[in-house]
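> Just need the structure, nothing else, for what follows:
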Amino acid sequence: MLEHRDPAGTSPARVVIVGAGGFIGSTIARLVAAEGVPLLALTRKDADLLAPEGEQKLRERLRAADSVVFVSAIAPAKTTAMLMQNLQMADAACRAFAAVPPAHLLYVSSDAIYADDANPVTERSAAAPSTIHGMMHAAREMMLKNASPAPFAALRPTLIYGAADPHNGYGPNRFRRQAAKGEAIAIFGDGEERRDHVHVEDVARLALLMLRHRSVGALNAVTGRSVSFHDVAHLVAAQFTPRAVVASVPRPGPRPHLTHRHFDITQCLKAFPGFRYTELAQGIARVHRETVERG
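Numbers count the residues shown, from 1 in each chain. Here you go, the predicted model:
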């Protein structure tokens with residue numbers, strides 16, 4: 001659920017993005033700068049939260065009037081070692097926020113915190129992660145929420161795609177790269193699993209809205225439309241001339257328990273009635289165009 005501390009919406013005094021060098025953080029930074037909002041974009045070079053001096057370096061950069069976006073993470077977290085590194089980073093940030101409480105704190109989390117069988121997923125769904133990645137985000141949400149008296153909000157995106165994505169996860173990003181190399185787009189089985197896919201700029205636009213309204217609580221960054229990987233692959237294939245080939249490949253393991261995931265976006269519509277997500281077909285076409293233009 002989301003509550004606006006500033007219903008009318010005003011620009012923050014300054015936005016500090018911790019993790020501004022990453023895929024999501026850099027996109028949020030670009031939109032904040034485009035709005036003319038004062039911005040401090042911090043990368044690992046500015047404050048390495050895994051280093052002994054990381055907390056101090058972050059603390060020295062903070063002001064009490066700041067609206068902070070914490071998006072720094074080693075992701076996806078797949079091992080216990082990665083989990084512990086992410087918790088160490090969050091602990092350093094929490095100590096900095098306790099010393100210099102910001103005016104508002106926004107954490108970019110993940111829908112992986114929800115149980116697999118939560119269908120449809122809403123912001124009221126229980127946090128019951130089934131993966132290390134989901135456990136990491138659930139723990140960091142709790143840590144950050146209790147670190148300082150700052151109004152706290154968690155933005156929980158589902159599968160994110162975009163031209164600059166570095167992760168090459170199964171879905172639009174990997175499919176486009178396979179086709180660009182002249183390879184067949186590989187889908188597991190018939191690609192029947194259905195997922196929601198959100199463009200990275202939509203996540204950034206929601207983050208900016210939450211900063212303007214000093215929102216507290218949780219919001220899922222999801223379109224409400226689940227599409228099969230089969231259909232996603234063919235949307236990507238259609239961007240190429242000649243059209244890319246889509247091929248079925250054997251699954252690397254058993255069929256996943258989470259075969260389909262659907263979301264109820266009622267709370268997003270209530271919180272931001274004028275917000276519209278990018279349609280998947282339009283988003284995939286945009287990513288292809290931007291990638292070609294970048295060479």
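
> Where does pLDDT dip in the stretch 1-150 of the chain?
Within the stretch 1-150 of the chain, no stretch has pLDDT under 70.

> And the helices in it?
Assigned by DSSP state H, counting those that start in this stretch, the helices in the stretch 1-150 of the chain fall at 23-34, 54-61, 80-99, 132-145.

> Out of those, which gets nearest to residue 1?
Smallest distance to residue 1 across the helices of the stretch 1-150 of the chain (CB to CB): 13.8 Å, for helix 132-145. For glycine as for every other residue, the C-beta is placed from the backbone atoms N, C-alpha and C.

> Of all the helices of the stretch 1-150 of the chain, which one is nearest residue 223?
Of all the helices of the stretch 1-150 of the chain, helix 23-34 comes closest under CB to CB, at 16.4 Å.

> hmm, back to that, can you add mean neighbour count and give the helices of the stretch 1-150 of the chain back as TSV?
What follows is those, written out as TSV (neighbours: other CB atoms under 10 Å):
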stretch	mean neighbour count
helix 23-34	20
helix 54-61	18
helix 80-99	18
helix 132-145	20
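
> Could I get those in TSV, plus columns for distance to residue 213?
What follows is the helices of the stretch 1-150 of the chain, written out as TSV (distance: least, CB to CB, whole Å):
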stretch	distance to residue 213
helix 23-34	15
helix 54-61	24
helix 80-99	20
helix 132-145	18
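
> quick one: which of these is nearest residue 273?
Of all the helices of the stretch 1-150 of the chain, helix 23-34 comes closest under CB to CB, at 19.8 Å.

> Pull the number of nearby residues for the closest residue to residue 252 other than its chain neighbours.
Distances taken as CB to CB, 6 or more residues apart in numbering place residue 188 nearest to residue 252, at 7.5 Å, with adjacent residues excluded. The tally of other residues near residue 188 (other CB atoms under 10 Å) stands at 18.

> swap in residue 48?
Around residue 48 there are 16 residues (other CB under 10 Å).

> wait, isn't it in contact with residue 54?
Yes: the pair residue 48 and residue 54 passes the contact test of CB atoms under 8 Å, sitting 5.0 Å apart.

> hang on, the earlier thing: OK, contacts around the residue nearest to residue 252?
By CB atoms under 8 Å, 6 or more residues apart in numbering, the contact list for residue 188 reads 170, 229, 248, 249, 250, 251, 252.

> separation between the nearest residue to residue 82 once chain neighbours are set aside and residue 42?
Excluding its sequence neighbours, the residue lying closest to residue 82 (CB to CB, 6+ apart) is residue 74, at 5.5 Å. Taking CB to CB, to the nearest Å as the measure, residue 74 and residue 42 are separated by 16 Å.

> ok, the two, which is more surrounded?
Taking other CB under 10 Å, residue 74 and residue 42 do not tie; residue 42 has more neighbours (23 against 15).

> Now that one: closest residue in space, sequence neighbours ignored.
In space, residue 42 is closest to residue 18, 5.2 Å off (CB to CB, 6+ apart).

> ok, the one you found - how many residues close by?
Neighbour count for residue 18, taken as other CB under 10 Å: 26.

> thinking it is in contact with residue 67, fair?
No: look at residue 18 against residue 67 with CB under 8 Å: they stay out of range, at 11.7 Å.

> before we move on, which element is residue 233 in?
helix 229-237 (DSSP states H and E).

> Pull out the buried positions in that helix.
229, 230, 232, 233, 234, 235, 236, 237 (16 or more other CB atoms under 10 Å).

> State the pLDDT value of the third one.
This points to residue 232. The score at residue 232 is 98. That number is its pLDDT.

> returning to what we had before: and the residue nearest to residue 42, how far from residue 174?
28 Å.

> Helix, strand or coil: sort out residue 218 for me.
Counting by DSSP: H, G, I helix; E, B strand; the rest coil, the backbone at residue 218 sits in strand.

> Is it bridged to anything, and to what?
residue 154 (DSSP bridges).
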